[in-house]
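Colleague: What follows is a predicted protein model with its sequence.
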Amino acid sequence: MTPLRRWLGLGLGALAVVSSGCNILSLPFFLAGPEPSVPAKLQKLASEDKEKTVKVAVLASSNLEVRDQLARVDRELSALVVKHLSDLCKYNKEKVEVLPVNVVERYKTAHPDWDRPLDLVRIGQDLKVRYVVYLEVDTLSLYLPKSNNQFYQGDIDIKVTLVNAKRPDDEPVIDTCHELYPESPISTFDDPNPITFRRKFLDHVAERIAWDFTSHPTEKDYGDNK
């Protein structure tokens with residue numbers, strides 16, 4: 001097809017869409033190409049060599065007091081981060097292999113002193129991964145303060161540390177994650193099970209943590225924090 005005919009065809013196609021009452025700007029692939037995305041906020045894990053697989057381990061720990069509603073929050077959070085990071089890297093067609101949470105938990109069980117002292121490079125080398133993502137949950141609450149537990153509004157602070165186990169002399173990359181979810185508190189009468197709300201909240205947090213390490217669609221920034 002000649003360039004003149006190609007442009008004529010595109011012009012006629014656009015005219016047909018407009019004539020039919022459709023908004024041509026709602027067709028991003030027609031004008032803008034691939035869906036816009038936001039790059040990794042902390043560090044992209046995927047290799048620039050698209051044929052090279054990068055292995056990653058996610059570990060989490062909690063400094064919270066032991067209460068039923070907050071029990072094993074570290075394991076649940078790490079499992080959700082593994083899921084979101086794996087899914088998003090697959091969506092981005094990146095060769096990133098995130099170890100299943102049960103593999104990491106078996107390692108922690110076999111090494112009960114794994115964090116005394118904490119040596120993330122050694123852990124990464126033991127697990128045979130390039131990167132270790134370490135999450136330290138410092139504070140977590142499920143309820144709006146001074147609401148007598150009548151309204152849910154999750155609030156969490158996490159220290160996020162990334163180390164390259166293949167390059168032990170590199171400085172760790174460190175960030176903090178603070179999330180308030182949802183933006184407007186919701187009544188516990190609408191969702192009386194705090195464990196269900198905790199799951200939704202941690203899923204939201206895990207998705208945001210995954211965004212630290214790979215790109216995500218721009219539209220996600222206007223998603224579920226309602």
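Modeller: Yes, it's here.
Colleague: Would you map the helices across the chain?
Modeller: Listed in chain order, the helices found in the chain under DSSP state H are 3-19, 28-31, 73-91, 101-110, 120-127, 194-210.
Colleague: closest one to Pro168 among those helices?
Modeller: Set against Pro168 and scored by C-beta to C-beta, the helices of the chain come closest in helix 120-127, at 4.5 Å. (C-beta placed from N, C-alpha, C; glycine too.)
Colleague: Okay, Ala40 and Leu162: tell me how far apart.
Modeller: Remark: distance between Ala40 and Leu162 (C-beta to C-beta, to the nearest Å) = 11 Å.
Colleague: let me redo that: Asn148
Modeller: 39 Å.
Colleague: Glu105 now?
Modeller: Counting by C-beta to C-beta - Glu105 and Leu162 are separated by 20 Å.
Colleague: who's more crowded, the two?
Modeller: Neighbours were counted for Glu105 and for Leu162 using other C-beta atoms under 10 Å; Leu162 has more, 20 against 14.
Colleague: Excluding chain neighbours, give the residue nearest to that one in space.
Modeller: Leaving aside its chain neighbours, Leu162 sits nearest to Val173 (4.3 Å; criterion: C-beta to C-beta, 6 or more residues apart in numbering).
Colleague: and the one you found, what does it touch?
Modeller: Residues near Val173 by C-beta atoms under 8 Å, 6 or more residues apart in numbering: 42-43, 161-163.
Colleague: Narrow those residues to just the buried residues.
Modeller: Burial by neighbour count, judged by 16 or more other C-beta atoms under 10 Å, picks out 42, 161-163 from the contacts of Val173.
Colleague: Tell me how many other residues crowd the closest residue to Arg199 other than its chain neighbours.
Modeller: Among residues not flanking Arg199 along the chain, Glu76 sits closest, at 7.5 Å (C-beta to C-beta, 6+ apart). The number of residues packed around Glu76, counting by other C-beta under 10 Å, is 18.
Colleague: ditto for the one 5 residues further on
Modeller: Look at Val81: counted by other C-beta under 10 Å, it has 28 neighbours.
Colleague: tell me the contacts of the residue lying closest to it once chain neighbours are set aside?
Modeller: Distances taken as C-beta to C-beta, 6+ apart place Ala206 nearest to Val81, at 4.4 Å, with adjacent residues excluded. Taking C-beta under 8 Å, 6+ apart as the definition of contact, the neighbours of Ala206 are 77, 80-81, 83-84.
Colleague: now that we have the residues you listed, which one has the most neighbours?
Modeller: In terms of neighbours by other C-beta under 10 Å, these top out with Val81 at 28 neighbours.
Colleague: That one is in contact with Ile158, isn't it?
Modeller: No: because the distance of 10.1 Å does not satisfy C-beta atoms under 8 Å, Val81 is recorded as not touching Ile158.
Colleague: Spit out the residues that contact the two alike.
Modeller: Listed contacts common to Val81 and Ile158 are 135, 209; contacts here mean C-beta under 8 Å, 6+ apart.
Colleague: how is the protein carved up into domains?
Modeller: If you go by automatic domain parsing, the domain ranges for the chain are 1-33, 35-222.
Colleague: need the least confident one among those, by mean pLDDT.
Modeller: Comparing mean pLDDT across those, the weakest is domain 1-33, with a mean of 44.
Colleague: intersection of neighbour lists for Ala40 and Leu162?
Modeller: Overlap of the contact sets of Ala40 and Leu162 (by C-beta under 8 Å, 6+ apart) consists of 212-213.
Colleague: sorry, back to before: if you compare the domains of the chain, which one is most tucked away?
Modeller: With neighbours taken as mean count of other C-beta atoms under 10 Å, the domains of the chain reach their highest mean count in domain 35-222, at a mean of 16.
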